[in-house]
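Q: predicted model follows, preceded by the sequence.
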Amino acid sequence: MSERVTNSVDFYQGNNPQDLIRQYGSPLYVYNERVFREKCKTMKTLCPYSGFRVNYAIKANSNLTLMAIALEEGLKADVSSAGEIVAALAAGYKADDLFFIANNISEDEMKFAIDKNVILSVDSLSQLETYGRINRGGKIAVRFNTGIGGGHHEKVVTGGDDTKFGILTAYVPEVKALLSKYELQLVGINHHIGSQFAQELYIDGVVTLLNIAREFDTLEFVDFGGGFYIPYHKQDGEKAFDLKPVGKSLAEHMQKFSAQYGKELVCMIEPGRFIAAECGVLLGTVHAVKKLGAVNYAGTDMGFSVFARPTLYDSHHDVEVYRDGEITGAEVLVNIVGNQCESGDYIANKRLLPPLKERDVLGVLDTGAYGFSMSSQYNHRQRPAEVLIRVDGSVKLIRRRETYEEMLVNMQGL
Ligand code: LLP
């Protein structure tokens, strides 16, 4: 029986996935508040260092309700655009709670952050120069690229020469020159080496970034980025990684560093996936089954406009089957695909599942991060609704599905 992963954490808390689809439509993102809060707490208590601060990377999931819960749990936020600043402020965050990690932004977007009093990190000498020109004497942070990078796919590695991010360590003298030219105060340095990598790499990154921190004497914080690993292969028995040693080691490095630096700096991390991924299941419906040669296909309403990770990165997500009647029959290999007009449109390939039927509901697990936030209106399909299973088991609609009329509203005819 394939329901064991969600049962093991009582994900639905007495709610039936088919009923959720009947009530809120298909496809549907379902989040569990208890799981989300647990992940916030795990991160909040990760590192026994007094200046430890967790910034939730809201790019992973910027639903207002989830952002507000993270704030309630004591997290701050990492934002990556002016739009995310607007969203985070709407969720209740204060300017001080936000750190804007910018990449190739316009002068207007910089000015927006400056006007809102949100501290900004720039990641090229060129953007540092622009910032200095428009905000002489201001406070600024700089993102470095220390050459250390890792990730679940080459497209999410963010350290090293082959990525577009950060200022290489060799340019520290040029950074210093621009700081002094524009009388800027460098309040923080940061990096983010990638997502979902072997966790020992995180500490390599910490050591390397702290070495750069020694070059500057005005710092108030150091930010080591996100990237914490979550187990996507739970049906194969994959367990969560024990992050406590990482937290302990981070604290030791910070304490040692502070003693030498002569001041206790704030130590920030920016988990996105770790906080949001496991609280989410994407529910969708099988509308067609067929066989092409030896290959079984189950055609669903979960195209890559709804969930892009498999198409973009060949990401694995466990799939569960829900049916009103009994789920019977010997397991067969099946490709679960979407309804979009591209061959790359798939959710899972070669999965061993009982023979699927029309109207079966499928649950795609661990989709709370980079699920809705990367969805689109490709093929003029509506983005899904989102519901939250509250701690008491009740279900709350936290984003209604958009209408076709709303999708046309900003366009004019000839
Ligand atoms: N901080 C910065 C500066 C980032 O660029 C990111 C992610 C994070 C924090 C959070 O990383 P996390 O803890 O979630 O791994 N769409 C991809 C992931 C790309 C993440 C980009 N930056 C995916 O679905 O795997």
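A: All right, it came through fine.
Q: could I get the pLDDT score of Arg351?
A: Arg351 carries a pLDDT score of 97 in this model.
Q: and for Ser80?
A: Confidence at Ser80, expressed as pLDDT, is 98.
Q: let me see the contact set for the residue nearest to it when sequence neighbours are not counted.
A: Closest residue to Ser80 apart from its sequence neighbours, by Cβ to Cβ, 6 or more residues apart in numbering: Lys59 at 5.3 Å. To be clear about C-beta, it is placed using only N, CA and C from the backbone, and glycine gets the same treatment. Residues near Lys59 by Cβ atoms under 8 Å, 6 or more residues apart in numbering: 78-80, 84, 272, 370, 373.
Q: nearest to Ser315 among those residues?
A: Tyr370 (8.8 Å; Cβ to Cβ).
Q: quick check: that closest one is in a strand.
A: No. Counting by DSSP: H, G, I helix; E, B strand; the rest coil, one finds Tyr370 to be coil, located in no strand.
Q: roughly how far apart are it and Ala294?
A: Tyr370 is 33 Å from Ala294, where distance means Cβ to Cβ, to the nearest Å.
Q: more crowded one of those two?
A: Tyr370 (24 against 6; other Cβ atoms under 10 Å).
Q: tell me the mean pLDDT over stretch 95-109?
A: Rounded mean pLDDT across stretch 95-109 is 98.
Q: start to end distance for that stretch?
A: Taking Cα to Cα, to the nearest Å, stretch 95-109 runs 15 Å from one end to the other.
Q: in stretch 398-409, which residues are buried?
A: The neighbour-count check on stretch 398-409 (16 or more other Cβ atoms under 10 Å) flags 398-399, 401 as buried.
Q: touching, Leu265 and Phe52? I think so.
A: No. Taking Cβ atoms under 8 Å as the definition, Leu265 is not a contact partner of Phe52, at 10.7 Å.
Q: identify the contacts common to these two.
A: Common neighbours of Leu265 and Phe52 (criterion: Cβ under 8 Å, 6+ apart): Met254.
Q: which residues does the residue in the stretch 1-150 of the chain that the ligand sits nearest to form beta bridges with?
A: Going by Cβ to the nearest ligand atom, the ligand is nearest to Ala57 of the stretch 1-150 of the chain, at 3.6 Å. Taking DSSP bridges as the rule, Ala57 bridges to Asp78.
Q: show me what the lengthiest helix in the chain is packed up against.
A: Ranked by residue count and defined by DSSP state H, the top helix of the chain is helix 244-261. Secondary-structure packing of helix 244-261 (3 or more Cβ pairs under 8 Å, 6 or more residues apart in numbering; DSSP states H and E): strand 52-57, helix 200-213, strand 266-269.
Q: please enumerate the strands of the stretch 151-300 of the chain.
A: Taking DSSP state E, counting those that start in this stretch as the criterion, the stretch 151-300 of the chain contains strands spanning 167-168, 185-190, 221-223, 266-269, 280-292, 295-300.
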